[in-house]
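Novice: Let's see this in three dimensions:
(2 chains)
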Amino acid sequence: MSILKLSNISYQYDGANTKVLKNINFNFNQGKLYTIMGKSGSGKTTLLSIISGLDLATSGEVFWNEKNLKNISRDDYRGKGIGVIFQGYNLLTNATALENIILSMNISESKEIDKKQYALDLLKIVGINRETSDRKILKLSGGEQQRIGIARALSHNPDIIIADEPTGNLDFDTEENIMEILKNLAHNQNKCVIVVTHSKNVSKYADEVLGLTLGNLTKI
Amino acid sequence: MYILKNSIKNLFRNKGRNIIVAIIILSMLTFTAISMIIRNTTDNVIKSYKEQFGSEIYLRYDETKIKEDEKNGGWADIPEISDDIKIKLANSEYLKETMISVIFPSYAKDLKGLDQGKTESNSNIGTAPSGMEGYYEPNLTVYGYNTPDLLKDFKEGKRKITSGKMFTNNDECVVSEDFAKLNNLKLGDKINISDTTKSSEFPPLKLTIAGIYFDSTENKYGYISATTNPRNDIITTYETMKKYQENVAKKNLYTVSTTYYLKNPDMLKQFNKEAHEKGLHKNYMMSTDELSYNKIVKPAESLAKVSNIFLISVLIIGSIILILLSILSIRERKYEIGVLRAMGMKKGKVVRGILYESLITISVCLVIGLSIGAITAQPISDIITQNQQDQNSSFGGIQVNQEKINLSMSYKTVIDVSIIALLLAIISSSVGVLYILRYEPMKILSDRN
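Specialist: This next block holds a predicted model:
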């Protein structure tokens, strides 16, 4: 059974003549790492926004665990169903790493009793030590911020993890490290991990590589 | 609960922005508190004046009309108002009661008045006018009142019955302790009082002493004499005096004075109109006590006016600054909102978070603002009142020694300022809230990215 199903997804920007996404149909499964590749402007981030419930498709439906996103609260879906790792990190810059994770857990109404310890454990998994956990995001490097973004995406234990160019701003070593984390999440924790990238190096970690060309999503 | 905690943390996270907002709000609330304290206190002063004095009405010259007459050439016509009109006006439906009084400077050959025959002046007080041929110098003054209930000196405790009782029947009177002592008078004694004409042909006024009063009032006139010494006042009923004048003396011994008490201070205009319809000359008017009005109400009204203008200016300018500041900080605010929404926080909770931040800031500013306002309102009010007095005298206005207005913070002031604080909270968070309500999180974040 697929955890995420795209059914006839189309998207057209306001005022544009052509559709950037055209009748996309695809099933994503748990335990796999997918990469979606495509040129700049091909609609990768738009597709990701639709999958993550941050934007609405012009037509078509997204099903999460067979539930149509149109029929459920997209806030709940974002807060509980998926974890999003943004290219620009999108962390609260004046808050500490730890505060970002705990806040995400609060929003998703996490049942963890010791949220602080759970957050520290997550940060440790992604390679952030105790001292760095208490530093404000603004004072951390891009690599550290991206790791915190990953920890935040995992904080509410979602079924699906979506990453938009997660290594776009990082050096090769950090990229390797982060992709290993994501691969581990798919294979060892049975998550469905979808990574949008235009890096062939990133795609080598994928179980399935998808290409987005002229609005169509196809297996490569 | 986590929303409130996050809002509190957010206030410290964005110190720079919040300190500027807090300074603006604190300034606005402090000035608002000062203005409100002044306004509410002055409102109370005016209200209490109207309650205390506003219903007490006197007949006085209408200076505006008199000046108009003089402008049109010649002297203004100011006829004497007849006693009949004064009494007729007492029947007005607008009146609660009327005090009718008569003063009869008189002479009692068997009695001696305090200060009788004194011609020496002291350092402050002049000498009495010399007497005229064919007349006795008055050695006492008889006052007739229609009701003893309105006698101010007795109400205010300056005079107090110490023996016997206040007069209740005609031909009864009360005398002062000093006068009684000087003349060996006691309760029940009868005294004979005549007018001051040496060749008086009508019998004297006969009064029975019903009470003796302690008197602490002072000489209100510019010289010492038996008639200006208040201890020589003999007080009886108006009816006694009226009957004596009409039936015994058969000549005018006194003039009637009246003080009218309105049912409601707001009825002054209607009563004034009615008085003129009943025959009051156009150059007269019904008026409150202008001197006490100038002393009490005028400074209060001026202060209220100044504080209102001040309050409106502060609120308009402050609100504009707050809105501009919100617009300027929207970029930063937008990002926060976008991140929270992307993390799955519902619109309502984001709005709550922003409102909490504003409310916490405002609450702290409210407490500090009210405290500063309470401390500084009095000196500011004193300075404004003093400036107005100085201005008035420097431009040749009438110099009236205006009374100091004692300001205090009431519950009403606290409520008024709190309502304004709440409005400021709404204004300061409105821009952020509008963004949340209008845009999808991806739109907010992509704009920023």
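
Novice: and the helix or strand harbouring residue B:240, which residues are buried?
Specialist: Following DSSP states H and E, one finds residue B:240 within helix B:238-243. Applying a neighbour-count criterion of 16 or more other C-beta atoms under 10 Å in any protein chain shown, one finds B:238, B:240, B:241, B:242 buried in helix B:238-243. Every residue, glycine included, has its C-beta placed from N, CA and C.

Novice: Flag the shaky bits of chain A, pLDDT-wise.
Specialist: For chain A, applying pLDDT under 70 flags the ranges A:1.

Novice: and it, which residues reach chain B?
Specialist: Within reach of chain B by C-beta under 8 Å from any C-beta of the partner chain, chain A has these residues: A:49, A:54-56, A:73, A:75-80, A:84, A:86-88, A:90-95, A:99, A:103-104, A:106-108, A:152.

Novice: May I see the ChimeraX selection of the buried members of these?
Specialist: With 16+ other C-beta under 10 Å as the criterion, this ChimeraX line picks the buried residues out of the residues of chain A next to chain B:
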select /A:49,54,55,56,75,77,78,79,80,84,86,87,88,90,91,92,93,94,95,99,103,104,106,107,108,152
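
Novice: Just the ones of the residues of chain A next to chain B in helices?
Specialist: Among the residues of chain A next to chain B, the residues falling in helices (DSSP state H) are A:49, A:75, A:76, A:99, A:103, A:104, A:106, A:107, A:152.

Novice: and those residues, which two are the farthest apart?
Specialist: Farthest apart among these by C-beta to C-beta are A:49 and A:99. That separation is 25.6 Å.

Novice: picking up where we left off before, make JSON lines from the buried residues of helix B:238-243 and add pLDDT and distance to residue A:185 to it.
Specialist: Compiled in JSON lines, the buried residues of helix B:238-243 are given as follows (pLDDT from 0 to 100; distance: C-beta to C-beta, whole Å):
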{"residue": "B:238", "pLDDT": "94", "distance to residue A:185": "106"}
{"residue": "B:240", "pLDDT": "94", "distance to residue A:185": "112"}
{"residue": "B:241", "pLDDT": "94", "distance to residue A:185": "111"}
{"residue": "B:242", "pLDDT": "92", "distance to residue A:185": "111"}
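
Novice: between those residues, which is nearest chain A?
Specialist: Comparing those against chain A with C-beta to the nearest C-beta places residue B:238 closest, at 84.0 Å.

Novice: right, and the secondary structure at the closest residue to residue B:117 other than its chain neighbours would be what?
Specialist: Residue nearest to residue B:117 in three dimensions, not counting chain neighbours: residue B:137, with 7.2 Å by C-beta to C-beta, 6 or more residues apart in numbering or on different chains. Here residue B:137 is coil, with the state taken from DSSP: H, G, I helix; E, B strand; the rest coil.

Novice: okay, now residue B:137: neighbour count?
Specialist: 19 (other C-beta atoms under 10 Å in any protein chain shown).

Novice: what's the answer for the one 10 residues further on, then?
Specialist: Other residues near residue B:147 come to 13 when the count uses other C-beta under 10 Å.

Novice: residues in contact with the closest residue to chain B within chain A?
Specialist: Across chain A, no residue is closer to chain B than residue A:79, which sits at 2.5 Å (C-beta to the nearest C-beta). Contact partners of residue A:79, counting by C-beta atoms under 8 Å, 6 or more residues apart in numbering or on different chains, are A:107, A:108, A:109, A:156, B:343, B:344, B:345.

Novice: try it again with 7 Å
Specialist: A:107, A:108, A:156, B:343, B:344 (C-beta atoms under 7 Å, 6 or more residues apart in numbering or on different chains).

Novice: mind listing what residue A:9 touches?
Specialist: A:21, A:24, A:50, A:57, A:60, A:62.

Novice: Let me have those in a markdown table, adding neighbour count as columns.
Specialist: Putting those into a markdown table (neighbours: other C-beta atoms under 10 Å in any protein chain shown) gives the following:
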| residue | neighbour count |
| --- | --- |
| A:21 | 24 |
| A:24 | 22 |
| A:50 | 24 |
| A:57 | 23 |
| A:60 | 18 |
| A:62 | 21 |
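
Novice: Can you add distance to residue A:38 and give those residues back as a markdown table?
Specialist: Output for those, formatted as a markdown table (distance: C-beta to C-beta, whole Å):
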| residue | distance to residue A:38 |
| --- | --- |
| A:21 | 11 |
| A:24 | 12 |
| A:50 | 15 |
| A:57 | 17 |
| A:60 | 18 |
| A:62 | 19 |
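
Novice: What ranges does chain A have for its helices?
Specialist: Along chain A, the stretches classed as helices by DSSP H are A:44-51, A:74-76, A:97-107, A:115-125, A:130-133, A:142-154, A:172-189, A:200-203.

Novice: Strands of the stretch 51-200 of chain B, residue ranges please.
Specialist: B:56-61, B:95-106, B:140-145, B:159-164, B:172-176, B:190-193 (DSSP state E, counting those that start in this stretch).

Novice: and of the ones you listed, who's closest to chain A?
Specialist: strand B:56-61 (66.2 Å).

Novice: Name the residues of the closest one that come out as buried.
Specialist: B:56, B:57, B:59.

Novice: and the closest residue to the last one other than its chain neighbours, what are its bridge partners?
Specialist: In space, and not counting its chain neighbours, residue B:59 is closest to residue B:284: 5.9 Å by C-beta to C-beta, 6+ apart. Beta bridges link residue B:284 to residue B:61, judged by DSSP bridges.

Novice: okay, which residue is most central for chain A?
Specialist: residue A:162 (1.9 Å; C-alpha atoms, centre = their mean).

Novice: Return the distance of the nearest residue to residue B:7 once chain neighbours are set aside relative to chain A.
Specialist: Computed as C-beta to C-beta, 6+ apart, the closest residue to residue B:7 that is not its neighbour in sequence is residue B:356, at 3.7 Å. According to C-beta to the nearest C-beta, to the nearest Å, residue B:356 and chain A sit 14 Å apart.

Novice: Give me the local confidence score for residue B:356.
Specialist: Listed pLDDT for residue B:356 reads 89.

Novice: helices and strands around the helix or strand harbouring residue B:37, which ones?
Specialist: Element membership for residue B:37 (DSSP H and E) is helix B:15-49. Helix B:15-49 sits against helix B:298-328, helix B:347-394, helix B:411-438, with contacts defined as 3 or more C-beta pairs under 7 Å, 6 or more residues apart in numbering or on different chains; DSSP states H and E.

Novice: Can you redo those as CSV, where the extra columns are distance to residue B:339 and mean neighbour count?
Specialist: Shown next, in CSV, are those (distance: least, C-beta to C-beta, whole Å; neighbours: other C-beta atoms under 10 Å in any protein chain shown):
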stretch, distance to residue B:339, mean neighbour count
helix B:298-328, 19, 17
helix B:347-394, 10, 18
helix B:411-438, 12, 18
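
Novice: Pop the domain breakdown of chain B in here.
Specialist: Taking automatic domain parsing as the reference, chain B has its domains at B:2-53+B:293-448, B:95-260.

Novice: Where among the ones you listed is average confidence lowest?
Specialist: Lowest mean pLDDT within the domains of chain B: domain B:2-53+B:293-448, at a mean of 78.

Novice: Now find how far off-centre that domain is within its chain.
Specialist: 29 Å (C-alpha atoms, centre = their mean, to the nearest Å).

Novice: Ok, stretch B:146-160 next?
Specialist: Here stretch B:146-160 is found 21 Å from its chain centre; the criterion is C-alpha atoms, centre = their mean.

Novice: Does residue B:158 touch residue B:218 like I think?
Specialist: No: contact criterion C-beta atoms under 7 Å: residue B:158 and residue B:218 do not qualify, at 8.9 Å.

Novice: Of those two, which one has the most company?
Specialist: Using other C-beta under 10 Å as the criterion, residue B:158 and residue B:218 rank with residue B:158 on top: 16 against 9.

Novice: Show me what from the stretch 1-150 of chain B comes close to chain A.
Specialist: Residues of the stretch 1-150 of chain B lying near chain A by C-beta under 7 Å from any C-beta of the partner chain: B:2, B:6, B:9, B:13, B:14.
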